[in-house]
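> okay, here's the prediction I keep looking at, along with the sequence it came from:
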Amino acid sequence: MRYKSTRGNSPEVGFSEVLLGGLAPDGGLYMPQEFPKFTLEEIHSWSELSFQKIASKVLYPYVDEEIEEHVFNELVEEAYSSFDIKDVVRLESIEDNRWVLELFHGPTLAFKDVAMQLLGALLNHFAKERGEKIVVLGATSGDTGAAAISACSRHDNVEVYILYPHGKVTEFQRKQMTTTQSKNVFPLAIQTDFDGCQDIVKKMFLDQDLKIDEVRFIAANSINWARCMTQSVYFFWSYLKLNELNKGLTFSIPSGNFGHAYAGWTAKEMGLPIERIIIATNTNDVLHEALSNNRYAKTDVVQTLAPSMDISVASNFERLLYNLYDNDSALLSEKMNSFPEKPIEIPKEKQKMLSSFFSSCKSNDEEIVQQIFLTYSKTGYLADPHTATGIAAASGISDDEAVITMGTAHPAKFREAMEQAIPDYNFVLPDKVEKAFDNDEVFNVLPKDYSKIKNFVLQNATK
């Protein structure tokens, strides 16, 4: 499998360069030349396989030129050995034709562990193979940073630098990043919002000063194709677990950066019969606006009870635009070069197809709290504020339609929202988390000053 940039002005590369390269040199996102295709018969033949083996089947075509199949299978098994349940993820029925797919049974209790643990194993594999020091750079609105740190901190040839908005993540999320006591981990609290952090990381990947021989800088954010492709696996797993329904499934996805949703689109392109995808947002409704009113435009970020969705530019939406523009890199590049100053519209001839597969729904903080309470009182299921937006979005769908809401995080991670919704509930942290939080916090607070942040990273990474 070879990969090309969405913007068309970078050389085609293999998987290891995609994994280790972050953004393409022209500022675009890497995409496979084509999606692997599986027949329904082939997909159904995996029905008795474990999550790990399904992952190997789905993902191996993306890496087959550079990793032997038995080696890749071992990397997948190693990646998921840190999860609390054998199946990695779990389907919970909450009502007739309604499920929550719990994706938070990994080390940091968030869905991003599913992709990040494999990404860490792959980085370790290529670091050993190439004899390079790898530096992971990422921006986080909450969960990505902790997942990246957990996935990479145990590997000697990898350092992790995570930028997060100072004072704008939950105490739980901050402590997950700052209490590891690992010498190869550098949490950086930046005096800006998430988009400011993400802009700095993107700029660093285009900075020639970071193109140095002894260190390889790579992206941990969802712009890395390895994360998108890995997240597609649990769409296949869910379908196989519910294949007795004998119909396509609808997925309701709490979404900010669109990586999770694009993974569903990827699964569909590979042959999975997904009925449609509902995009659930909070008050930061850039994706709801794009899908409902055909206007993809940057907005100001509002801090909410679902902080992992507090963003105003959905970076992975560029991948969908690329497909909607019939993979026309020149047209996409023209649109992206004038964005965000000028909003982007979906081509008219694609709008019907897009709206038949994607719909959207937004929830404000009050509605999130109401949905957490309603779900718990009605079904006994405790949903975190992000998952609650997905359940709310699914509530507008016909009862006859089979809908899986992505359960993106453990509710204990968002105590403020949960206590607003259910004041009398006794929230207990998992033992492994509580023990870790007894450690001292180690982090650096830096201003929104590109040169200072860049110098901090370079000085430490090149020691």
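Okay, I see it. Numbering: from 1, shown residues only.

> would you map the strands across the stretch 351-463 of the chain?
358-362, 403-407, 444-446 (DSSP state E, counting those that start in this stretch).

> what does residue 55 show for phi and psi?
Backbone torsions of residue 55, given as degrees, to the nearest 10, read phi -60, psi -40.

> most packed of the strands of the stretch 351-463 of the chain?
Mean neighbour count (mean count of other C-beta atoms under 10 Å) peaks for strand 403-407 among the strands of the stretch 351-463 of the chain, with a mean of 27. Any C-beta I mention is one placed from the backbone N, CA and C, and that applies to glycine too.

> all helices of the stretch 51-200 of the chain, in order?
Here the stretch 51-200 of the chain has its helices, by DSSP state H, counting those that start in this stretch, at 51-63, 69-79, 112-130, 143-152, 171-178, 194-205.

> which of those sits most buried?
helix 143-152 (a mean of 29).

> any chance you could list what contacts that helix?
82, 106-108, 110-113, 115-117, 119-121, 123, 136, 138-140, 158-160, 162-164, 173, 176-177, 180, 182, 184-185, 187, 220-222, 308, 408-409, 413 (C-beta atoms under 8 Å, 6 or more residues apart in numbering).

> which among those end up buried?
Burial by neighbour count, 16 or more other C-beta atoms under 10 Å: within these this picks out 82, 106-108, 110-113, 115-117, 119-121, 123, 136, 138-140, 158-160, 162-164, 173, 176-177, 180, 184-185, 187, 220-222, 308, 408-409, 413.

> right, and residue 425 touches residue 419 too?
Yes. The pair residue 425 / residue 419 is scored as a contact, 7.5 Å apart, by C-beta atoms under 8 Å.

> returning to that earlier point: how about the strands of the stretch 351-463 of the chain in a markdown table, adding distance to residue 241 and mean pLDDT?
Formatted as a markdown table, those follow (distance: least, C-beta to C-beta, whole Å; pLDDT from 0 to 100):
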| stretch | distance to residue 241 | mean pLDDT |
| --- | --- | --- |
| strand 358-362 | 23 | 95 |
| strand 403-407 | 10 | 98 |
| strand 444-446 | 44 | 96 |
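
> so can I have CSV of those strands showing distance to residue 392?
Shown next, in CSV, are these (distance: least, C-beta to C-beta, whole Å):
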stretch, distance to residue 392
strand 358-362, 7
strand 403-407, 9
strand 444-446, 35
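
> for residue 279, which of those is the nearest?
strand 358-362 (4.3 Å; C-beta to C-beta).

> what does the closest one contact?
By C-beta under 8 Å, 6+ apart, strand 358-362 touches 261, 276-283, 285, 287-288, 291-292, 389, 392-393, 396.

> ok, 7 Å please
By C-beta atoms under 7 Å, 6 or more residues apart in numbering, the residues outside strand 358-362 that reach it are 276-282, 285, 287-288, 291-292, 392-393, 396.

> selection in ChimeraX covering whichever of those residues are buried, please.
Remark: buried members of the contacts of strand 358-362, expressed as a ChimeraX selection using 16+ other C-beta under 10 Å:
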select :276,277,278,279,280,281,282,285,287,288,291,292,392,393
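
> looking at the contacts of strand 358-362, which is nearest residue 269?
Distances from residue 269 to the contacts of strand 358-362, taken by C-beta to C-beta, are shortest for residue 277, at 12.4 Å.

> and the closest one, what helix or strand is that in?
strand 274-281 (DSSP states H and E).

> ok, that strand: who's next to it in the sheet?
Paired with strand 274-281 in the same sheet, following DSSP bridges, are strand 249-254 (parallel), strand 358-362 (parallel).

> follow-up on the earlier one: can you tell me which of the helices of the stretch 51-200 of the chain the model trusts least?
Note on the helices of the stretch 51-200 of the chain: lowest mean pLDDT is at helix 143-152, with a mean of 84.
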